[in-house]
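> I would like to see how this sequence folds:
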Amino acid sequence: MITIHQENEIKAFLQKKKLSSAIFNEIYDHFVVQILELMQANLSFQEAFLETKIGWQYELEMVKADILSFKRIARIEKAVLKSRFKNIILTSICISMLGLGAFLFLNDYFYIIQACLAVFCFSMLLYNFAFKKMKFREYIELSFHPLIIRNLIVGCILFLAVGYFSQNLYFYDFGMAKVFTMYGMLVQIQLLYFRSKKVNVLI
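Numbers count the residues shown, from 1 in each chain. Model (predicted):
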């Protein structure tokens, strides 16, 4: 059996990896099971613990969270975040395409949708502050979130390209630029939603 002191030693090791609660609990369970199996094979706790840590070395290695982030997280956490960010991007693109359709065929409805998204985004922000789910420091982190920065970079390239090819000083009136703004709001809304649910999105 593993003693309480030994359980705390396992938890202390995993806490250094700054894992989200869901991943922490899952890996902790794996550690306990593997250590118990090794101890049944006549290894001491420290030997079993060391062997288990070696077995998880690759998954728990601290790496850069994103090319546009200074944060370092465990590799296994990065894999989960990568999948989560991919879903955020795909959802935002799909809804933005619907927005593009509204812009092309139902122009008045597009501006209503855009206004509703802006109000919803602001409401999510107020909700996070009002119920203390988000600190001001975390809002600053959101402003420099890798997905937000990536949007700004792509947006600048898009606006410059549209301005160059259209030769129009008012190129922001071009539909794609407005749809891209909608895409940016959708990304931010999802980040705020996940943050309110205490889901790790690098905030």
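> for residue 63, helix, strand, or coil?
The three-state assignment at residue 63 reads strand, by DSSP: H, G, I helix; E, B strand; the rest coil.
> residue 133 too?
Here residue 133 is recorded as coil under three-state DSSP.
> so it touches residue 196, yeah?
Yes: counting by Cβ atoms under 8 Å, residue 133 does reach residue 196; the two are 4.9 Å apart. C-betas here are computed from N, CA, C, even on glycine.
> what touches both of these two?
Residues touching both residue 133 and residue 196 comprise residue 127, with contact defined as Cβ atoms under 8 Å, 6 or more residues apart in numbering.
> what are the ranges of the strands in this structure?
Along the chain, the stretches classed as strands by DSSP state E are 62-64, 72-74.
> which stretches of this structure have low pLDDT?
Applying pLDDT under 70 to the chain flags residues 162-163, 166-175.
> show me which helix runs longest in it.
Assignment by DSSP state H gives helix 75-105 as the longest helix of the chain.
> packing partners for that one?
In terms of contacts (3 or more Cβ pairs under 8 Å, 6 or more residues apart in numbering; DSSP states H and E), helix 75-105 is packed against helix 21-40, strand 62-64, helix 107-130, helix 146-166, helix 175-196.
> kindly recompute the last result at 6 Å.
In terms of contacts (3 or more Cβ pairs under 6 Å, 6 or more residues apart in numbering; DSSP states H and E), helix 75-105 is packed against helix 107-130, helix 175-196.
> okay, the angle between the first one and helix 75-105?
Counting by axes from the mean of the first three to the mean of the last three Cα atoms, to 10 degrees, helix 107-130 points 150 degrees away from the direction of helix 75-105.
> could you export helix 107-130 as PDB, CA atoms only?
Extracted C-alpha coordinates of helix 107-130, given in PDB (Å, rounded to 0.1, in the frame of the first residue of the first chain):
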ATOM      1  CA  ASN A 107     -26.800  42.400 -45.400                       C
ATOM      2  CA  ASP A 108     -28.900  43.900 -42.700                       C
ATOM      3  CA  TYR A 109     -28.900  40.700 -40.700                       C
ATOM      4  CA  PHE A 110     -25.100  40.600 -40.800                       C
ATOM      5  CA  TYR A 111     -24.800  43.800 -38.800                       C
ATOM      6  CA  ILE A 112     -27.400  42.500 -36.300                       C
ATOM      7  CA  ILE A 113     -25.400  39.300 -35.900                       C
ATOM      8  CA  GLN A 114     -22.200  41.400 -35.500                       C
ATOM      9  CA  ALA A 115     -23.800  43.600 -32.900                       C
ATOM     10  CA  CYS A 116     -25.200  40.600 -31.000                       C
ATOM     11  CA  LEU A 117     -21.700  39.000 -30.900                       C
ATOM     12  CA  ALA A 118     -20.100  42.200 -29.600                       C
ATOM     13  CA  VAL A 119     -22.800  42.500 -26.800                       C
ATOM     14  CA  PHE A 120     -22.400  38.800 -26.000                       C
ATOM     15  CA  CYS A 121     -18.500  39.100 -25.800                       C
ATOM     16  CA  PHE A 122     -18.800  42.100 -23.500                       C
ATOM     17  CA  SER A 123     -21.400  40.200 -21.300                       C
ATOM     18  CA  MET A 124     -19.100  37.200 -21.000                       C
ATOM     19  CA  LEU A 125     -16.300  39.600 -19.900                       C
ATOM     20  CA  LEU A 126     -18.600  41.200 -17.300                       C
ATOM     21  CA  TYR A 127     -19.700  37.800 -16.100                       C
ATOM     22  CA  ASN A 128     -16.200  36.600 -15.500                       C
ATOM     23  CA  PHE A 129     -15.300  39.800 -13.600                       C
ATOM     24  CA  ALA A 130     -18.600  40.000 -11.600                       C
END
